[in-house]
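Engineer: Pasting the sequence and the predicted model now:
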Amino acid sequence: MLTISIAIQKGGSGKTTTALNLAAALQRMGKDVLLIDLDPQANLTQSMGIADDIELSIYELLKQAASGELVDTQQAVVNTGVLPLIPANLELASAELELVSIYGREQLLNQVLGQLEDQYDIVVIDCPPAVGMLTVNALTASNYVLMPLQAEFLPFKGVQRFMKNVQLIKKQLNKRLEILGLVLTKFDEHKSMHKQIRAQLQEMYPGKVLESGIRSNISLAKAQEQAKDIFTFDNTANGAKDYRALATEIAERLLTMAEQ
């Protein structure tokens, strides 16, 4: 089972959209994929049509792991009709403070996911837009991190800071963690600034910038409004074409990295 964190130290970068539609594309390629919403804003959970009053969320699983009384992780998996999901709720915001004094706090999500080892091919985690305890847990439990960002100045500066945090977590907590790549979202190849930032990223991080960029596409937002992935909503939209291409490129990259 491979675990991929969708993470970057910046809001509005397309993490939730990428988590949902990349997972859906991988599922259509024949993979058994599980989504996990680890963001207290619970945007992924809401985008998949799940109400706030869920009985068992990732918050409860982390609390149980912290108490040493781990519940069956599979009980928290919700069949959304799109993809299986372990949802989040607003209570997750308090987890940052509640877990800070727990021994082995960085490994709690690792314990939760350990029960699912033989049940899925790929787990995709939608992370919060900050490097707090939740994101550290995600990266500690992951094989790979995929970083979506817009081709603009502030996200560009943010990725440099985030890269340092990833390397620190790799060194101290999770030696298997690798950077799967950077994916540019809301990308317009006709804009000189977008092309400029892509070129700078390619120079700074050789081999890490994915060729498949995600164009601005209103269908992506409309699909989430209707609690659907882009392929179910409109399989011919640019968003569907882009995420299909991204999934293909990532599948090839995973195969290459596994062979190295």
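Structural biologist: Cool, got the structure. Numbers count the residues shown, from 1 in each chain.

Engineer: Now the lowest-mean-pLDDT helix or strand in the chain - C-alpha only, PDB.
Structural biologist: Every helix and strand of the chain was ranked by mean pLDDT, DSSP states H and E. The lowest is helix 95-99, at a mean of 81. Taking Å, rounded to 0.1, in the frame of the first residue of the first chain, the C-alpha atoms of helix 95-99 are listed here in PDB:
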ATOM      1  CA  ALA A  95      -6.200  17.800  17.600                       C
ATOM      2  CA  GLU A  96      -3.100  20.000  17.100                       C
ATOM      3  CA  LEU A  97      -3.300  21.100  20.800                       C
ATOM      4  CA  GLU A  98      -4.500  17.800  22.200                       C
ATOM      5  CA  LEU A  99      -1.800  15.700  20.600                       C
END
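
Engineer: Tell me which residue of this protein is furthest from the middle?
Structural biologist: S192 (28.3 Å; CA atoms, centre = their mean).

Engineer: mind listing what it touches?
Structural biologist: Contacts for S192 (CB atoms under 8 Å, 6 or more residues apart in numbering) come out as none. C-beta coordinates here come from the backbone N, C-alpha and C atoms, glycine included.

Engineer: N21 too?
Structural biologist: The contact partners of N21, taken as CB under 8 Å, 6+ apart, are L220, D229, I230, F231, G239, A240, Y243.

Engineer: So, low pLDDT: which residues of this structure?
Structural biologist: Across the chain, the ranges flagged by pLDDT under 70 are 154-155.

Engineer: what's the single longest helix in it?
Structural biologist: helix 238-259 (DSSP state H).

Engineer: any idea which helix or strand comes after the least confident helix or strand of the chain?
Structural biologist: Toward the C-terminus, helix 95-99 is succeeded by helix 108-114 as the next helix or strand (DSSP states H and E).

Engineer: picking that back up, can you name the two of the contacts of N21 that sit furthest apart?
Structural biologist: L220 and F231 (11.1 Å; CB to CB).

Engineer: ok, the two, which is more surrounded?
Structural biologist: L220 (27 against 20; other CB atoms under 10 Å).

Engineer: Can you spell out which helices and strands pack onto the one helix or strand the more buried one maps to?
Structural biologist: Using DSSP H and E, L220 sits within helix 218-225. Using 3 or more CB pairs under 8 Å, 6 or more residues apart in numbering; DSSP states H and E, the elements in contact with helix 218-225 are helix 15-28, helix 230-233, helix 238-259.
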